[in-house]
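Colleague: Have a look; sequence and predicted model below, questions after that.
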Amino acid sequence: MSILLLAHVDTDGSLAKPALEALGAAKELAAGLSVPFDVGLVGGTADAAAVQIGSCGAAQVFGVCAPELTEARYGTDAAAAEAVARVSGADIILVPGTSRWMRVVAGVAQRLGGRVDTHVTECAAAGAEVSVTRWYYKQRIEGVLTRQERPLVLAIEPGTRAPWAGAPSAMAVTPVDVVVPAGRTRVVGVRAPASGEATVRPDAELLLVAGAGWTKKQADGAPHVADAERLILAFLAGARASLGGSKSLVDQSGDGQAVLPFMTHVNQVGQTGASPRHRKGLATCCHGEEPHVVGWRFIGERRAVNLNPNCGWAQGKADVLYVADAFEVMAKVNELLG
Amino acid sequence: MSYHVVVCAGIVPDPLQSLEPVTGPAGPALKNEAMLPAVLDPWAGHALFEAANLVKQQAGSKLWLVSLGPKAKLQQVMMKVAQKVPFEFVAIDGSASGFTDSAAVAEALAGAITAIPGLDQNRLLVFGGWESASRAAGATLQMVGERLGISEQFQGVDSLTVGADDAFEILERIEGGRHQVSVCAGPPAVVGWATGSLREPANNPQLGMTNMRSLMPALQKAAPAAIPSAGTFARVAVPSQRRETRIVKDWTPEAIAKDIAEWIRQ
Amino acid sequence: MDVDIVCAGFGPATGGFLATLGPALVQPDGTPRLESRAVPGLPLQVLCFERADEVGVGVSGVVTRARGIRATFPEIASAGIPLVTPVTSEELVYLLDPVGASRRSRPLRMVDAMLSGAGRLAGVKHHAVQLPYIPAFLQKHGGLAFSLGQFSQWVAGQVMASGAVQIWPASPIAEALFEGDRVAGVRLVDQGTDLRGQPAEGFAPGMDVHADLTVVGDGPVGTVGRMLDARFGLPEGHVRDEWALGMKMVVDLREGVELKPGTVLHTFGYPEPEIFGFLYALSERTVSVGIFVPSWFQSPVRTAYRYLQHWMQHPYLWRWLEGGTLRSWGAKSLQESGRRGEPHLAGDGYARIGEGSGSTNALTGSGVDEAWTTGVLLAEAVIELCAAGDPFTQANIDRAYVARRRASWLDAELRIAEGARDGFDRGLLWGLVGMGLTGLTNGWLRLPARRHAKPRPSLEAYYRGRLTPEEIETIVAAARDAGTAMHDAFMDRCGWPAVPLDGRLLITHQDALLLGGKVQAAAGYADHVQFTSSGQCRVCRTRVCVEMCSGQAITSAGDHGVAFDREKCIHCGACLWNCDFTLDEASGRTNVEFRAGAGGLHSTEN
């Protein structure tokens, strides 16, 4: 059995954190199976990246380099990945589960006649087999499986393990030739959201989950959406937090109602949204909504502000449940965060 | 330009249901799976609405909906979907489980698409959700594309705009809540949709009646497909993540705010 | 849009109608057998609109003799429908009060004392007495127990498979269309509106669906049925004053506990004497359980949810239910006036079937099969009229449908049942005696009884001897300040123990919504529950709508009156018949305007 780690080289020539996490996974798996592992680097250049991971213990570092490969594009990325995979002849291919790899990884598996598993949180040696842990039904059910088909391509979910850390060291790159297909797609650039900071930002320490309660009628029988908007935005600024919302809240905004105009589907966490990974999470006005169950799956420390002390969705799922009116509490929190 | 848009859309248990896995002789399944209400896969649903919108705007375009699921469940779901947008239905009678192999599902879907009479590969856009709410892998659509020989593929798409030169601009979700912008010269292409920007269309009974005339025969004709389980499962479980929740009540908002602010600063 | 027949609501009655009519529409060679007038050359165009997001979404365990259903589907028991099981045993059980909080009359307390004193000699076990014999009129031997949801979905599949009939869920009907006094079809609700129904982004006015015949099977709180009642009134002497709220659960029993599938258990006596309960074993470890809170239960803070929790914990039931897990939860209003509440069954362009047509038999405790049978009878009439080319005039429908119904077993049994439970207005014992007398003599003997329900007593009158007026006012004021219902405070003060929440079966009402159903309502629809005069709500002291709301969708908003959250509305319609403000005595219209709406709470599994 042989193992190959595929990674993209960033435009600055380095490997980013998700790639190093996947490298750690590949190294560990290889050790568990007592087999060597190779690294395949895809990008504009590979030399600096090879040095960056020079001490990782890879048997070989392949490089597929072309100006077209500085951009994320299905046709070119798939061709590059296929070329390295064929040269290495690996049975198990690991990639970081970045948006760039997620675009092509299944297609590459199909070209190689193999199989693919994505959102892999763990891959480990189980005797001579590779045991894969991943999630089904949107992070609700965890499955552990083995497959006989080869090659088996595994996309390692970012944030699920520590990145490989080692000293840079000289490492030769074995170039792999690839005919980059002309294709019909031109990458134009990147567009940042108009809503500024009000998104799920993986780099933030804290995720604020806003529930639909913010737009519901309050104790006086009337909704107070303008207050909700002001409180949430002030909190995001004060705590430098990332913003997630429940599906129902996001749906309301998508329907053009006068509710939290900065919430879009990009903010959605839970069932049909993201399952972000942050060190801390604070849920507000979320009673009974999916964020507690699914969107919170990978949040470290969790606290909730809720009016119902018996809320079965915060109890057992949050570390602390404050029984209080989120409108009142958040106003005070904002004052303190200044 | 007129398009032939094929939307691959599966059915999934209503996302608001509690799900519990069980293991049977054929591999893992959901407890009471036959009784769980099903819905059109949410992201694939967005793909369908976007497709219908595109077809409406581009005169001469056509829309097919290809769906793999148990016949009875497909019928239940189509009772709702058929009122939304006009389409021709292609049904494949087989498991809609999330534990099946994406490669086998892709094979069945690609086979059904290839068999659509009059489908023009040069005008073909294959749409679907970028991930399902069942397997949740984001794999099937790419494999369908590969089987159909399409290497212009996009995932996590929120917008597709056709330009004057028939090229279309595509916005794909990437990290950090941003979008990558690409321009594709034209079909064929595979587009895995995120949420897009369209609201769910209103129910239209007249449309429903028209769709239903082709829908029921398509269901009757649905070819059976044996979709195997993906590999050998050692375990499937809902991980228990029970935490000891400290309930804080009868505190003033000030005291709670102080506690929260300190925690945030830690 | 023009069709031949439009049906309002898909339940057992419409199921029976479509299952009978569907196969008669087309010849084996595919040509029309009954030809459409709306679209010449095609078979009769038949559409059914159902307000819920799917058919069969209300949780419901049913036990029935299934005479009508089996006449349509002789092989029903072996058709592979999940959770259908033949009845294997029946028990009728009187539950004593193990906690001492139940509000029992003096005679009943004497009966309880005698039973408790005699203990095992009187057959008392687990604080309950199993009656040695079940009167024939109550027996369901040879019948079926099943999940109405699973059955309805199966029927819908059968009906749709022919391609001749279409059923459209998520399609609430706003109103009936009239041409003079002829019902000319239905209008669907507007889409793309704000909560008050005003046009908003994406506005699409509700479509008019014109039909030669409108089949009204939208149940006891259905919009079309109630609209016809308001317009045409009830026949002379008819009245609809007997209701019940059924609140039900599907429960998975704990490991190691099994009940024989088909076990049927009916209880009475606890948690309050007026509340009846049931347990049906649909498979070894799956039971359907629930209680009925009837309109003659006089409590001004009536609640079904809290009582359901106490009922489940009764030692007789708890030995099975303890450690169980809630699988599904729901509630529904039952119109139990039966034939006495029967509306005009037919008019020009319309016919009424099912529970809203007064088909429920309160004496035998049976409604599903009866509703089904009304649909079958109407379908037979429609086939006869269409074959003869006769239009759907009142005279023709009377001749073909109403006459069939009058000649049926259904009508004969409903006549016997008429008023059989009036004795319950005077208490449990009177009620049981009256029911027994009527049932055992096939209606020859009846207890003299009043015809109309008493007005509900005030809080002070109801709690006299238990709570002082000051204590009552304190609870009322506290609930109003907190915006909560009052029943928990009242029940706590009357000695009902706290419910030991276990996170599985004994859970908060809010969690029952979330674990036992799905809570969502698509945007773009108007709130379907409105309060005609908000002034009345502001001054209303008891706000029974809040107490009785099955989904906690109506909440008290202090001095602002009451607020409604349609996501949580289970469309049981309890608010409709529990409101204390009657605006119109003749029609029984209250301050609650209950219309058809999309979404709301749908039971997880049915």
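Modeller: Looks like it arrived, so ask away.
Colleague: list the contacts for A:A90?
Modeller: The neighbours of A:A90, taking C-beta atoms under 8 Å, 6 or more residues apart in numbering or on different chains as the test, are A:S2, A:I3, A:L4, A:D38, A:P151. Using the backbone N, CA and C atoms, a C-beta is placed for each residue, glycine as well.
Colleague: Go through these and flag which are in strands.
Modeller: Using DSSP state E, the members of these that fall in strands are A:I3, A:L4, A:D38.
Colleague: beta partners of the last one?
Modeller: Listed beta-bridge partners, A:D38: A:L4, A:Q60 (assigned using DSSP bridges).
Colleague: how far away is it from C:V155?
Modeller: As judged by C-beta to C-beta, to the nearest Å, A:D38 and C:V155 stand 60 Å apart.
Colleague: which one of these two has more residues nearby?
Modeller: Using other C-beta atoms under 10 Å in any protein chain shown, the more surrounded residue of A:D38 and C:V155 is C:V155, with 27 against 23.
Colleague: Name the nearest residue to that one, sequence neighbours excluded.
Modeller: Counting by C-beta to C-beta, 6 or more residues apart in numbering or on different chains, C:G15 is the residue found nearest to C:V155 once chain neighbours are left out, at 4.2 Å.
Colleague: just checking, the one you found is part of a helix?
Modeller: Yes: applying DSSP: H, G, I helix; E, B strand; the rest coil, one finds C:G15 inside a helix.
Colleague: pLDDT weak spots in chain A?
Modeller: For chain A, residues meeting the criterion pLDDT under 70 lie at A:193-202, A:221, A:247-248, A:250-259, A:265, A:270-273, A:286-297, A:310-313.
Colleague: which one's the longest helix in it?
Modeller: In chain A, with assignment by DSSP state H, the single longest helix is helix A:17-33.
Colleague: and it, which residues are buried?
Modeller: Buried residues in helix A:17-33, defined by neighbour count with 16 or more other C-beta atoms under 10 Å in any protein chain shown: A:18-30, A:33.
Colleague: Show me which pair in the residues you listed is furthest apart.
Modeller: The span of the buried residues of helix A:17-33, defined through C-beta to C-beta, is set by A:P18 and A:L33 at 22.5 Å.
Colleague: still on that earlier bit, next, format the buried residues of helix A:17-33 as JSON lines and append distance to chain B.
Modeller: Compiled in JSON lines, the buried residues of helix A:17-33 are given as follows (distance: C-beta to the nearest C-beta, whole Å):
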{"residue": "A:P18", "distance to chain B": "9"}
{"residue": "A:A19", "distance to chain B": "13"}
{"residue": "A:L20", "distance to chain B": "15"}
{"residue": "A:E21", "distance to chain B": "14"}
{"residue": "A:A22", "distance to chain B": "15"}
{"residue": "A:L23", "distance to chain B": "18"}
{"residue": "A:G24", "distance to chain B": "19"}
{"residue": "A:A25", "distance to chain B": "18"}
{"residue": "A:A26", "distance to chain B": "20"}
{"residue": "A:K27", "distance to chain B": "23"}
{"residue": "A:E28", "distance to chain B": "19"}
{"residue": "A:L29", "distance to chain B": "16"}
{"residue": "A:A30", "distance to chain B": "21"}
{"residue": "A:L33", "distance to chain B": "17"}
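Colleague: Can you tell me which of those lies closest to C:G354?
Modeller: Nearest to C:G354 among the buried residues of helix A:17-33 is A:P18, at 59.3 Å by C-beta to C-beta.
Colleague: Give me every residue in chain C lying close to chain A.
Modeller: C:194, C:200-202, C:483, C:501, C:503, C:507-508, C:510-511, C:513-515, C:519-520, C:523-524, C:557-558, C:560-563, C:565, C:567 (C-beta under 8 Å from any C-beta of the partner chain).
Colleague: Of those, keep whichever come out buried.
Modeller: Listed as buried from those are C:194, C:200, C:202, C:483, C:503, C:507-508, C:510-511, C:513-515, C:519-520, C:523-524, C:557-558, C:560-563, C:565, C:567; burial here means 16+ other C-beta under 10 Å.
Colleague: and the stretch 1-150 of chain B, which residues reach chain A?
Modeller: With the criterion set to C-beta under 8 Å from any C-beta, the stretch 1-150 of chain B comes near chain A through B:12-13, B:15-16, B:19, B:21, B:28, B:30, B:42-43, B:98-99, B:101-103, B:106, B:133-143, B:145-147.
Colleague: can you do 7 Å?
Modeller: With C-beta under 7 Å from any C-beta of the partner chain as the criterion, the stretch 1-150 of chain B meets chain A at residues B:15, B:19, B:21, B:28, B:42-43, B:98-99, B:102-103, B:133-139, B:142-143, B:145-146.
Colleague: Buried by neighbour count, from these: which ones?
Modeller: With burial judged by 16+ other C-beta under 10 Å, the buried subset of the residues of the stretch 1-150 of chain B next to chain A is B:15, B:19, B:21, B:28, B:42-43, B:98-99, B:102-103, B:133-139, B:142-143, B:145-146.
Colleague: From those, which land in helices?
Modeller: Applying DSSP H to these, the entries found in helices are B:P42, B:W43, B:S102, B:A103, B:Q142, B:M143, B:G145, B:E146.
Colleague: What helix or strand is A:W164 located in?
Modeller: Per DSSP states H and E, A:W164 falls between elements, in no helix or strand.
Colleague: neighbours of it, just the number please.
Modeller: A count of nearby residues for A:W164, using other C-beta under 10 Å, gives 22.
Colleague: Tell me who's in contact with it.
Modeller: Residues counted as contacts of A:W164 (C-beta atoms under 7 Å, 6 or more residues apart in numbering or on different chains) are A:L20, A:L23, A:G24, A:K27, A:C56.
Colleague: hmm, back to that, any idea which of the ones in helices among the buried ones among the residues of the stretch 1-150 of chain B next to chain A is the one closest to C:P300?
Modeller: Nearest member of these to C:P300, counting by C-beta to C-beta, is B:P42, at 44.1 Å.
Colleague: what residues are up against the residue lying closest to A:G281 once chain neighbours are set aside?
Modeller: Distances taken as C-beta to C-beta, 6+ apart place A:I299 nearest to A:G281, at 3.6 Å, with adjacent residues excluded. By C-beta under 7 Å, 6+ apart, the contact set of A:I299 is A:L207, A:H278, A:G281.
Colleague: surely C:S36 meets C:I5?
Modeller: No: assessed by C-beta atoms under 7 Å, C:S36 is found out of contact with C:I5, at 9.6 Å.
Colleague: contacting residues around the lowest-mean-pLDDT helix or strand in chain C?
Modeller: Within chain C, no helix or strand scores below strand C:517-520, which has a mean of 76 by mean pLDDT, DSSP states H and E. Contact with strand C:517-520 is made by A:248, A:288, B:14, B:16-17, C:329-330, C:513, C:567-568, C:599, C:601-604, as judged by C-beta under 7 Å, 6+ apart.
Colleague: redo that, cut-off 6 Å
Modeller: B:L16, C:W329, C:L513, C:E567, C:K568, C:G599, C:L601, C:H602, C:S603, C:T604 (C-beta atoms under 6 Å, 6 or more residues apart in numbering or on different chains).
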